[in-house]
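# sharing a model prediction with you, sequence too.
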Amino acid sequence: MAKVIHTMIRVMDLEKSMRFYADLLGMRESHRLDFPDFTLVYLRNDDNDFEIELTLNKGRDEPYTHGTGYGHIACVVPDVASFRDELVAKGHDPAPVKEFKREDDLLARFFFIQDPDGYKIEVLEEHGHYR
């Protein structure tokens, strides 16, 4: 069986992106490969071995486009409201907390936030399917 190990995103400001993912997901640099034309930085946290690979193409001035195919990265936290408050206190701008319900049954509580390059991250509360 194949094991998913990372997802890659292209970034314009490596340090700014690293700070964002440290604040949001507690991810820190686990590995770095520096080449003349590009740098790869792999981020992970203590809860798992899945990584986000940040790719910085040196000398690029144009922001990347996300097209219509990219959706989002998702993570879970015990309490989305308090986690959202922590991010606001750190200077980030998450969207409001929303809920999906079927009649009175709570299916999901979540918010979205965008990283410095516009990639969306969904933050879900640990509940039901999302654990």
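Arrived safely, thanks for sending.
# show me what counts as buried in stretch 101-121.
108-111, 113, 115-117, 119, 121 (16 or more other CB atoms under 10 Å). Every residue, glycine included, has its C-beta placed from N, CA and C.
# just stretch 77-86 next, same as before
77, 80, 83-84.
# any idea which helix is longest in the chain?
helix 14-25 (DSSP state H).
# relative to helix 14-25, how tilted is the helix or strand containing C75?
Assessed by DSSP states H and E, C75 sits inside strand 73-77. Calculated by axes from the mean of the first three to the mean of the last three CA atoms, to 10 degrees, strand 73-77 forms an angle of 40 degrees with helix 14-25.
# report the buried residues of strand 73-77.
Here strand 73-77 shows 73, 75-77 as buried, counting by 16+ other CB under 10 Å.
# what is the nearest of those to M27?
C75 (9.8 Å; CB to CB).
# contacting residues for that closest one?
24-25, 121-124 (CB atoms under 8 Å, 6 or more residues apart in numbering).
# which of those residues has the largest number of neighbours?
For those, counting by other CB atoms under 10 Å, the largest number of neighbours falls to V123: 24 neighbours.
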